[in-house]
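Engineer: Let me see the structure of the following:
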Amino acid sequence: VMITGDHKITATAIAKEIGIFGEGDIAMIGTELDAMTDKELDQLIEHIAVFARVSPENKIRIVEAWQRKGRIVSMTGDGVNDAPALKAADIGVAMGITGTEVSKDAASMILTDDNFATIEKAIEEGRGVYENIKKSVIFLLSSNLGEIMTMFIAVIGGMASPLRSSHILWINLITDSLPALALGIDENDGAALMRRPPRGKNESLFAEGGMACTCFYGILIAAISLTAFFAFPYILLTRKGLPVTVHSVSILLRQEAVLMHAQTYAFTVLGMSQLFHAIGMRDIHTSLLRMHHLRNKLMLAAFVIGFLLQLAVTRLPFLIRAFGTVRLLPTEWIFLLVLAAVPLLAHELLLLCRGKGA
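Structural biologist: Residues are numbered from 1 along each chain as shown. Alright, predicted model coming up:
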């Protein structure tokens, strides 16, 4: 919407040239606005594209009329007479070069180059920052939910603990540090972000499926971690031809050697699954085959470092003793990696269900 002190005919001509004024739109001058009640203005506000010859009071009324429609209002200005409206708007934008000190003090944002195109760039940057914060938070919460549920389900089932306290601390070290940081500085698809409609000012961080995503991946990580935990006693029982029951598994897990092996399985899958999950969290709307993985070199480094650290805990003798793990065979590692990669498989299946696969 154009608000100007220029003549109505001049303002309308410029508005048509730049695409603000279209068919069915209205141009109004300040005196016509003064003669209208707020109710009348509210009924017409969405059809008025140009306001000419307006006063500072008119500008405030225009801003408030749009706000009553539930819109997030940004107002640009450079003069003293713009200051009240800049203050009233949700986001006041002042000109940094030609703007007065009063308008700059009243504004939320200052354009240092006086170029309106910079506003679009700022919006794109802001959306990217918000998107990265959201990804990091959902990744951390879903990963931690998976850890909590892994422990909780085993405990209420009367089973031995799938993890030691040192395991949980180690997992948090390799997953809550570099992968979360990598998501926080991820390079987003700016064009795709700008195609999305603006979010509501009261919108929750978990809106648009954020809560469902957190719960789904938390439950999934817990499920595959528990699967890994019970896989080793299951293999032992089937090899011996013994019946696989909750009771027989529980008795077998009382043996320290068996428990250590099962815990190593759960420990490895829980840690690695979160690293795989971090890769998928870069963009839950895009297939892994279409992501530009080289744009986020920190994520690749985080995955490699996390994998090597997790591998070291099952290969280096002094770390094996420190964490109470066992030395895993290459075949066991392959099995556990396939199990840990399930979050990425889920990522692709969810996209296929939505019709957004590669």
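Engineer: got the buried residues for stretch 245-263?
Structural biologist: 249, 252-253, 258-263 (16 or more other CB atoms under 10 Å). For the C-beta atoms, the positions are set from N, CA and C on the backbone; glycine is no exception.
Engineer: Include pLDDT, secondary structure and distance to G324 when you put these into CSV, please.
Structural biologist: Shown next, in CSV, are the buried residues of stretch 245-263 (pLDDT from 0 to 100; DSSP: H, G, I helix; E, B strand; the rest coil; distance: CB to CB, whole Å):
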residue, pLDDT, secondary structure, distance to G324
V249, 87, helix, 20
L252, 88, helix, 18
L253, 88, coil, 14
V258, 93, helix, 13
L259, 93, helix, 9
M260, 95, helix, 6
H261, 94, helix, 11
A262, 95, helix, 12
Q263, 95, helix, 7
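Engineer: ok, of the residues you listed, which one's closest to V93?
Structural biologist: For the buried residues of stretch 245-263, the minimum distance to V93 (CB to CB) is 57.0 Å, reached by Q263.
Engineer: Format the buried residues of stretch 245-263 as JSON lines; extra columns: distance to L308.
Structural biologist: JSON lines is the format used below for those (distance: CB to CB, whole Å):
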{"residue": "V249", "distance to L308": "32"}
{"residue": "L252", "distance to L308": "32"}
{"residue": "L253", "distance to L308": "29"}
{"residue": "V258", "distance to L308": "27"}
{"residue": "L259", "distance to L308": "26"}
{"residue": "M260", "distance to L308": "22"}
{"residue": "H261", "distance to L308": "22"}
{"residue": "A262", "distance to L308": "23"}
{"residue": "Q263", "distance to L308": "21"}
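Engineer: Farthest pair within those?
Structural biologist: The span of these, defined through CB to CB, is set by V249 and M260 at 15.4 Å.
Engineer: Break down the stretch 1-150 of the chain into its helices, ranges please.
Structural biologist: 8-18, 30-34, 38-44, 56-68, 83-88, 101-106, 117-156 (DSSP state H, counting those that start in this stretch).
Engineer: Let me know which of those is tucked in deepest.
Structural biologist: helix 83-88 (a mean of 22; mean count of other CB atoms under 10 Å).
Engineer: hang on, isn't E64 packed against A88?
Structural biologist: Yes. The pair E64 and A88 passes the contact test of CB atoms under 8 Å, sitting 6.5 Å apart.
Engineer: thinking again about what came up before, would JSON lines of the helices of the stretch 1-150 of the chain with distance to M272 be doable?
Structural biologist: Formatted as JSON lines, the helices of the stretch 1-150 of the chain follow (distance: least, CB to CB, whole Å):
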{"stretch": "helix 8-18", "distance to M272": "54"}
{"stretch": "helix 30-34", "distance to M272": "64"}
{"stretch": "helix 38-44", "distance to M272": "57"}
{"stretch": "helix 56-68", "distance to M272": "49"}
{"stretch": "helix 83-88", "distance to M272": "52"}
{"stretch": "helix 101-106", "distance to M272": "52"}
{"stretch": "helix 117-156", "distance to M272": "12"}
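Engineer: need these in a markdown table with distance to F232 and mean pLDDT, can you?
Structural biologist: Shown next, in a markdown table, are the helices of the stretch 1-150 of the chain (distance: least, CB to CB, whole Å; pLDDT from 0 to 100):
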| stretch | distance to F232 | mean pLDDT |
| --- | --- | --- |
| helix 8-18 | 69 | 94 |
| helix 30-34 | 77 | 93 |
| helix 38-44 | 68 | 93 |
| helix 56-68 | 62 | 94 |
| helix 83-88 | 66 | 94 |
| helix 101-106 | 67 | 94 |
| helix 117-156 | 14 | 92 |
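Engineer: Relative to S177, which of the ones you listed is closest?
Structural biologist: The nearest among these, by CB to CB, is helix 117-156 at 10.6 Å.
Engineer: helices or strands next to whatever helix or strand comes next after the closest one in the packing?
Structural biologist: Using DSSP states H and E, the helix or strand that follows helix 117-156 in sequence is helix 165-175. Where contact means 3 or more CB pairs under 8 Å, 6 or more residues apart in numbering; DSSP states H and E, helix 165-175 is packed against helix 117-156, helix 256-280, helix 297-313, helix 317-323.
Engineer: Tell me who's in contact with the closest residue to G92 other than its chain neighbours.
Structural biologist: Distances taken as CB to CB, 6 or more residues apart in numbering put L86 closest to G92, at 3.2 Å, once the chain neighbours are dropped. Contacts here follow CB atoms under 8 Å, 6 or more residues apart in numbering; on that basis L86 touches 75, 77, 92-94, 103, 106-107.
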